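**Student:** return atomic coordinates for the entry below.
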Amino acid sequence: MARLSCFSTAFFLIFALICTIDVMTGGEGSLRAEQCGGACAYRCSATSHKNPCIEFCNMCCNKCLCVPSGTYGHKEECPCYNNWKTKEGGPKCP
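**Tutor:** Next up is the predicted model:
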């Protein structure tokens with residue numbers, strides 16, 4: 001019985017790790033709308049322009065349901081986030 005319990009625990013931990021990695025990588029649609037605030041706060045934590053960054057990041061996250069991992073770059077993880085452009089053709093999402 002103890003062997004079964006260890007197997008169940010190991011399976012649960014591996015499953016939890018896989019789910020966590022999926023959210024951390026920022027894959028398309030990996031977030032729920034209520035998670036955008038925290039993801040954008042982290043995404044914008046290294047910029048000196050926090051308010052506009054958070055505002056645009058939240059707008060992009062609510063549309064795409066993803067935020068790229070890290071504080072800069074990695075936009076290839078979220079094509080919707082990466083491909084949304086301003087009228088001038090620049091990136092809309094930070």
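**Student:** next, count neighbours for K75.
**Tutor:** Close neighbours of K75, defined as other Cβ atoms under 10 Å, add up to 16. Where C-beta positions appear, they are placed from N, C-alpha and C, glycine not excepted.
**Student:** then E88?
**Tutor:** 5.
**Student:** do the one 5 residues further on as well
**Tutor:** Neighbours of C93 under the rule other Cβ under 10 Å: 25.
**Student:** contacts only, for it.
**Tutor:** 56-57, 59-60, 64, 75, 81-82, 84 (Cβ atoms under 8 Å, 6 or more residues apart in numbering).
**Student:** my guess is S69 meets C78, correct?
**Tutor:** No: judged on Cβ atoms under 8 Å, S69 makes no contact with C78 at a distance of 9.2 Å.
**Student:** of the contacts of C93, buried ones?
**Tutor:** By neighbour count, with 16 or more other Cβ atoms under 10 Å, the contacts of C93 hold 56-57, 60, 64, 75, 81-82, 84 as buried.
**Student:** any chance of those in a markdown table, with distance to T47, secondary structure and pLDDT too?
**Tutor:** What follows is those, written out as a markdown table (distance: Cβ to Cβ, whole Å; DSSP: H, G, I helix; E, B strand; the rest coil; pLDDT from 0 to 100):
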| residue | distance to T47 | secondary structure | pLDDT |
| --- | --- | --- | --- |
| F56 | 11 | helix | 95 |
| C57 | 10 | helix | 96 |
| C60 | 15 | helix | 95 |
| C64 | 19 | helix | 94 |
| K75 | 15 | helix | 93 |
| Y81 | 16 | helix | 91 |
| N82 | 18 | helix | 92 |
| W84 | 18 | coil | 92 |
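**Student:** quick one: which of those residues is nearest to G29?
**Tutor:** C64 (7.6 Å; Cβ to Cβ).
**Student:** separation between the closest one and L31?
**Tutor:** 9 Å (Cβ to Cβ, to the nearest Å).
**Student:** how about CSV for the contacts of C93, with distance to A46 added?
**Tutor:** Listed next are the contacts of C93 as CSV, based on distance: Cβ to Cβ, whole Å:
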residue, distance to A46
F56, 15
C57, 12
M59, 19
C60, 17
C64, 21
K75, 15
Y81, 17
N82, 19
W84, 21
